[in-house]
Structures are given as C-alpha cells and as structure tokens.
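Peer 1: predicted model follows, preceded by the sequence.
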Amino acid sequence: MRLGLRAGGREAMFCGDVMHHPVQVPYPELCPSFDDDQAVALGSRMKLLTDCADRDILVLPTHFVEPQGCRIVSGGRGCAIHWI
C-alpha cells in the first residue's frame, strides 16, 4: 500500500508493507518470507523506489526504525538512502 501527501509543491509517501527494512533499498530483490507473491512485491518495491528517486519524494517507511524519513537517490549501482 502506498499513501501519498502533497503540500506546498512537495510530496511524501508512506510506503506501508512495500518495504520492511532499509536493506531493501539497495537490494530490492530481497523479499521476506511473508511476501505472498514475491514477483508482485518486487515490482511494487521497484516502482516505489523509481518514483521516489525520480520525483524527489520524501519516503516515510512504516516499518523502519528511527530515523524513518528518507529520500531515495538512484545511481549507477541502483538506489541508496539519504536519511533526513
């Protein structure tokens, strides 16, 4: 599930169960055993990461420990986290 916010020309995204751990940002293919359909889960995670990196969306992951707010940046080796 993805829930977004917009205010003052900026966006934020609550990503719910799309990601459960920060390691899934650089390694989105890591799927926990409770992902019922790992192919769908990976596709959802990749779309979230791409959208957030491309549009500079603040990510507010539900399952990460503090600090929770981050931005996703893409590079030559995939995505990385920049903590807020």
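Peer 2: Yep, that arrived.

Peer 1: need the helices for the chain, in chain order.
Peer 2: Secondary structure of the chain (DSSP state H): helices located at 38-55.

Peer 1: now do stretch 8-28: distance to the chain's middle.
Peer 2: Taking Cα atoms, centre = their mean, to the nearest Å, one finds stretch 8-28 lying 2 Å from the centre of the chain it belongs to.

Peer 1: out of the helices and strands in this protein, which is least certain?
Peer 2: Taking mean pLDDT, DSSP states H and E as the measure, the chain has strand 3-7 as its least confident helix or strand, at a mean of 83.

Peer 1: what packs against that one?
Peer 2: With contacts taken as 3 or more Cβ pairs under 8 Å, 6 or more residues apart in numbering; DSSP states H and E, strand 3-7 sits against strand 10-14. The C-beta positions use only the backbone N, C-alpha and C, and glycine is treated the same way.

Peer 1: ok, back up a step: what comes into contact with the least confident helix or strand of the chain?
Peer 2: Identification of contacts with strand 3-7 by Cβ atoms under 8 Å, 6 or more residues apart in numbering yields 11-14, 16, 57.

Peer 1: how far off centre is stretch 56-64?
Peer 2: That offset, for stretch 56-64, works out to 6 Å (Cα atoms, centre = their mean).

Peer 1: export it as CSV, just CAs?
Peer 2: Only the C-alpha atoms of stretch 56-64 are listed here, as CSV (Å, rounded to 0.1, in the frame of the first residue of the first chain):
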residue,chain,number,x,y,z
ASP,A,56,12.4,13.6,-5.1
ILE,A,57,9.6,12.3,-2.9
LEU,A,58,10.2,12.1,0.9
VAL,A,59,9.7,8.5,1.9
LEU,A,60,8.1,7.7,5.3
PRO,A,61,8.5,3.9,5.8
THR,A,62,6.2,2.3,8.2
HIS,A,63,8.5,-0.5,9.3
PHE,A,64,11.9,1.2,9.6
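
Peer 1: so which bits of that stretch are buried?
Peer 2: 57-61, 64 (16 or more other Cβ atoms under 10 Å).
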